[in-house]
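Peer 1: when you get a sec, could you give me coordinates for this:
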Amino acid sequence: MDRAALSAWIPKLKDKRVLVIGDLMADHYVWGRVERISPEAPIPVVHVAREEVKPGGAANVACNLSALGGSVCLAGVVGADGMAEVLRSQLAAKGIDCVGLIADATRPTIQKTRVIAHNQQVVRVDRELQEPLGREAQETLERACLGQVERCDAVLFSDYAKGALSAGLAAAVTRRARELGKVVAADPKPANMGWFAGATIVTPNQAEAHAASGIAIKDDAGAEAAARALIERLRSDAVLITRGEHGMTLLQAKGGVTHIPTLARVVFDVTGAGDTVIATLTLALAAGMPVPEACQLANAAAGIVVAQIGVAVVHPGQLAQALA
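Peer 2: Numbering: from 1, shown residues only. Next up is the predicted model:
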């Protein structure tokens with residue numbers, strides 16, 4: 001890997017416009033300390049010191065794109081509630097265009113509350129409705145997405161299987177984007193993998209690739225076999241499997257296989273690392289970077305965020321420093 005050559009691409013990411021479509025959520029963190037066990041049950045008593053809310057899921061992908069200098073249009077669904085307003089405010093402050101964000105009063109804004117004491121999660125509480133959107137909401141979201149494709153350099157699907165995406169939406173947007181010569185990147189859940197047929201690149205993690213392909217991944221050969229099965233099934237240009245401490249495996253339909261070792265030196269929290277990978281990768285591809293080099297740049301970005309607790313973003317200066 002020529003790190004100087006990779007660094008030279010970082011300024012080229014600026015202002016590339018990406019349409020992000022997917023499941024938005026609010027990551028709510030409650031930080032505190034534990035000094036005793038509850039007399040009511042064998043559980044720790046957490047004395048709360050502070051709380052914060054960060055954009056999560058597809059919203060975190062959008063924040064990663066924005067932090068790297070990209071121009072972002074975000075499409076998805078929130079509830080008609082206070083947390084939706086918090087998310088909209090935070091995203092607007094980052095310059096993210098929420099023109100494709102629709103409110104659905106029949107469902108809550110997805111919220112994941114993590115209680116953390118002494119740098120460890122004590123418990124996580126989820127508020128969500130894992131149901132497909134109603135017909136009217138689906139049609140509204142699809143119209144909003146198709147209306148933005150021509151204005152973007154790339155489309156990014158961030159699928160957390162929470163109901164915002166559907167097979168019809170994914171197929172319609174992918175078809176239109178590829179007709180226009182746009183990059184289409186997808187980070188899918190195994191059950192929905194087939195929705196993203198025809199994408200430029202899909203980026204499952206190792207467990208997701210195993211579940212979607214049925215092939216156990218215990219080494220590089222297993223990763224390559226799983227990627228090959230997926231690329232044949234999806235007819236995509238490339239598959240990138242993220243493999244934690246084992247790095248990444250990239251298979252291109254017309255370019256062979258590349259195994260990329262991890263650059264992470266310290267791992268505190270892998271939350272949101274996949275968001276950082278696909279955000280960096282999509283921007284790089286939109287800028288014209290060759291696929292193997294774009295994956296290496298995304299790998300470097302992932303190595304930065306896993307060294308932090310909670311969802312995090314990477315800025316161009318951090319990425320350049322990591323490569324240096």
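Peer 1: now for Glu293: which residues touch it?
Peer 2: Residues near Glu293 by Cβ atoms under 8 Å, 6 or more residues apart in numbering: 5-6, 9, 284. No exception for glycine: its C-beta is placed from N, CA and C like everyone else's.
Peer 1: ok, now Thr242?
Peer 2: By Cβ under 8 Å, 6+ apart, Thr242 lies in contact with 203-206, 248, 273-274, 277, 302.
Peer 1: top of these by number of neighbours, please.
Peer 2: Ala302 (28 neighbours; other Cβ atoms under 10 Å).
Peer 1: wait, isn't it in contact with Asp275?
Peer 2: No - look at Ala302 against Asp275 with Cβ atoms under 8 Å: they stay out of range, at 9.6 Å.
Peer 1: how much space between the residue nearest to the spatial centre of the chain and Thr109?
Peer 2: Closest residue to the average C-alpha location of the chain: Asp275 at 2.7 Å, with Cα atoms, centre = their mean. Going from Asp275 to Thr109 by Cβ to Cβ, to the nearest Å gives 18 Å.
Peer 1: also Ile278?
Peer 2: 22 Å.
Peer 1: neighbour count for those two, which is higher?
Peer 2: Legend: neighbour count by other Cβ under 10 Å for Ile278 and Thr109, higher for Ile278 (26 against 23).
Peer 1: wasn't that one part of a helix?
Peer 2: Yes - per DSSP: H, G, I helix; E, B strand; the rest coil, Ile278 lies within a helix segment.
Peer 1: excluding chain neighbours, what is closest to it?
Peer 2: Spatial nearest neighbour of Ile278, excluding adjacent residues (Cβ to Cβ, 6 or more residues apart in numbering): Asp187 at 4.6 Å.
Peer 1: and Gly100, by the same measure?
Peer 2: That would be Ala75: by Cβ to Cβ, 6+ apart, it lies 2.8 Å from Gly100.
Peer 1: I'd say the one you found and Glu142 touch.
Peer 2: No - Ala75 is not in contact with Glu142 according to Cβ under 8 Å; the separation is 9.4 Å.
Peer 1: for these two, indicate the residue with more neighbours.
Peer 2: Ala75 (29 against 19).
Peer 1: other SSEs contacting the strand or helix carrying that one?
Peer 2: According to DSSP states H and E, Ala75 maps onto strand 71-78. Strand 71-78 sits against strand 17-22, strand 24-37, helix 58-67, helix 82-93, strand 97-103, helix 135-149, with contacts defined as 3 or more Cβ pairs under 8 Å, 6 or more residues apart in numbering; DSSP states H and E.
Peer 1: that one versus helix 135-149: what angle between them?
Peer 2: 180 degrees (axes from the mean of the first three to the mean of the last three Cα atoms, to 10 degrees).
Peer 1: can you give me how far strand 71-78 is from the chain middle?
Peer 2: Its chain's average C-alpha position is 13 Å from that of strand 71-78, according to Cα atoms, centre = their mean, to the nearest Å.
Peer 1: each with direction, which strands does it pair with?
Peer 2: In the sheet, strand 71-78 lines up against strand 17-22 (parallel), strand 97-103 (parallel) (DSSP bridges).
Peer 1: for Lys162, find the nearest of those strands.
Peer 2: Across these, Lys162 has its closest neighbour in strand 17-22 (8.6 Å, Cβ to Cβ).
Peer 1: sorry, back to before: point out the least confident one among the contacts of Thr242.
Peer 2: Minimum pLDDT for the contacts of Thr242 is recorded at Ala273 (81).
Peer 1: from Ala286, how far off is it?
Peer 2: Using Cβ to Cβ, Ala273 is found at 21 Å from Ala286.
Peer 1: can you check Ser66 too?
Peer 2: Taking Cβ to Cβ, one finds Ser66 at 14 Å from Ala286.
Peer 1: swap in Thr262?
Peer 2: Distance, Thr262 to Ala286, by Cβ to Cβ: 24 Å.
Peer 1: these two: who's more crowded?
Peer 2: Under the neighbour definition other Cβ under 10 Å, Thr262 and Ala286 were set side by side, and Ala286 has more, 25 against 18.
Peer 1: show me what contacts that one?
Peer 2: Here Ala286 is in contact with 13, 16-18, 70, 153-154, 183 (Cβ under 8 Å, 6+ apart).
Peer 1: and what of Cys152?
Peer 2: Here Cys152 is in contact with 17-19, 73, 177, 182 (Cβ under 8 Å, 6+ apart).
Peer 1: my read is that Ala84 contacts Thr109, right?
Peer 2: Yes - in this structure, Ala84 is within contact of Thr109 by Cβ under 8 Å, at 4.5 Å.
Peer 1: any shared contact partners between the two?
Peer 2: Taking Cβ under 8 Å, 6+ apart as the contact rule, Ala84 and Thr109 both touch Val78.
Peer 1: what's the closest of the contacts of Cys152 to Leu323?
Peer 2: Set against Leu323, the nearest of the contacts of Cys152 by Cβ to Cβ is Val18 (21.8 Å).
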